[in-house]
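A.B. asks: pasting a predicted model and its sequence here:
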Amino acid sequence: MRLKDKIAIVTGGARGIGQAVSELFAREGATVIIIDLLADGQAVADKINAANGSAQYHNISVTNKSAVEKLFSEIFAKYGTIDILINNAGITRDRTLEKMSETEWDAVIEVNLKGVFICTQAVAGYMKNKKYGRIVSAASNVGLRGNFGQTNYAATKAGVIAMSKTWAIELGKFGITANAIAPGFTMTEMVKEIPEAHLDQIKKSIPLQSVAQPIDIAYGYLYLASDEARYVSGICLTIDGGASR
């Protein structure tokens, strides 16, 4: 087991990529703490526990600094460590530049950028205390190349990459790695809503001629969270079938 006895926090762990990460990490031996506003997180935790894994679900927002700090303090008090933080929670509010409202801009910045900052800031001290940590945050290939109608989303994902590189510099001397993952189109609830004809066009634009399944992205998280990647820090791992070639 690649994560045996590790304590892993997964934000946005109730559906899609986050659910795949939670279930994979549990199979690899980690105790998984799922943070999500979606009540589906409890069903994911129940499924993991029924399969002899270890998981718990907490309904809090990554933007609620006091709630995040309180939960992380409780986790550290119970387990004596927090080994892995997966910053996966994120939202979209797509609109072209001229039509995007300030509210739509702020909402995406609040969750996708500030939420990642809040959770990482809250965990850093505990990881420094143990001289060990793995921080992996959800970017996107949109953060590398932009995308029509996603000014807010692209800005946050580019920001996640830059923050990860900064944290790699600041926290490396404490045995902590910080990396980002940039998925391309992945078969989540959001992508399932794309009309089939448009989805076919998307697939044709990807060298591998298909969109990812959540587990494809989860394996990237597993690698960067494991000790196999102990000397990997400050990178953005792109998993998009060659779309960002």
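C.D. replies: Thanks, I have it.
A.B. asks: show me what the top strand by length along the chain is packed up against.
C.D. replies: Ranked by residue count under DSSP state E, the longest strand found in the chain is strand 176-183. Secondary-structure packing of strand 176-183 (3 or more C-beta pairs under 8 Å, 6 or more residues apart in numbering; DSSP states H and E): helix 115-130, strand 133-138, helix 151-171, helix 214-225, strand 236-239. The C-beta positions use only the backbone N, C-alpha and C, and glycine is treated the same way.
A.B. asks: quick one: name whatever helix or strand follows it.
C.D. replies: helix 189-192 (DSSP states H and E).
A.B. asks: mean neighbour count, the helices and strands packed on strand 176-183: which tops it?
C.D. replies: strand 133-138 (a mean of 26; mean count of other C-beta atoms under 10 Å).
A.B. asks: centre of the chain to that strand, how far?
C.D. replies: Mean-position distance between strand 133-138 and its chain equals 8 Å (C-alpha atoms, centre = their mean, to the nearest Å).
A.B. asks: next, the buried residues of whatever helix or strand comes next after it.
C.D. replies: Going down the chain from strand 133-138, the next helix or strand is helix 142-145, by DSSP H and E. Across helix 142-145, burial judged by 16 or more other C-beta atoms under 10 Å covers 142-144.
A.B. asks: ok, stretch 41-49 next?
C.D. replies: 41-42, 44-45, 48.
A.B. asks: what distance separates that stretch from the centre of its chain?
C.D. replies: 18 Å.
A.B. asks: point to the residue nearest the middle of this structure.
C.D. replies: residue 88 (2.1 Å; C-alpha atoms, centre = their mean).
A.B. asks: residue 220 versus that one, what's the distance?
C.D. replies: Going from residue 88 to residue 220 by C-beta to C-beta, to the nearest Å gives 12 Å.
A.B. asks: now residue 29
C.D. replies: Taken as C-beta to C-beta, the span from residue 29 to residue 220 is 18 Å.
A.B. asks: equivalent analysis for residue 241, please.
C.D. replies: According to C-beta to C-beta, residue 241 stands 13 Å off from residue 220.
A.B. asks: ok, residue 146 next?
C.D. replies: Taking C-beta to C-beta, one finds residue 146 at 22 Å from residue 220.
A.B. asks: thinking again about what came up before, format the buried residues of stretch 41-49 as CSV; extra columns: pLDDT.
C.D. replies: Formatted as CSV, those follow (pLDDT from 0 to 100):
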residue, pLDDT
41, 98
42, 98
44, 98
45, 98
48, 98
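A.B. asks: gap between stretch 143-159 and the chain center?
C.D. replies: On C-alpha atoms, centre = their mean, the centre of stretch 143-159 falls 16 Å from the chain's centre.
A.B. asks: give the rounded mean pLDDT of that stretch.
C.D. replies: The average pLDDT for stretch 143-159 rounds to 96.
A.B. asks: endpoints of that stretch, how far apart?
C.D. replies: 8 Å (C-alpha to C-alpha, to the nearest Å).
A.B. asks: mind pulling up the pLDDT for residue 202?
C.D. replies: At residue 202, the pLDDT recorded in the model is 90.
A.B. asks: so it touches residue 210, yeah?
C.D. replies: No. With contact defined as C-beta atoms under 8 Å, residue 202 does not count as touching residue 210 (9.6 Å).
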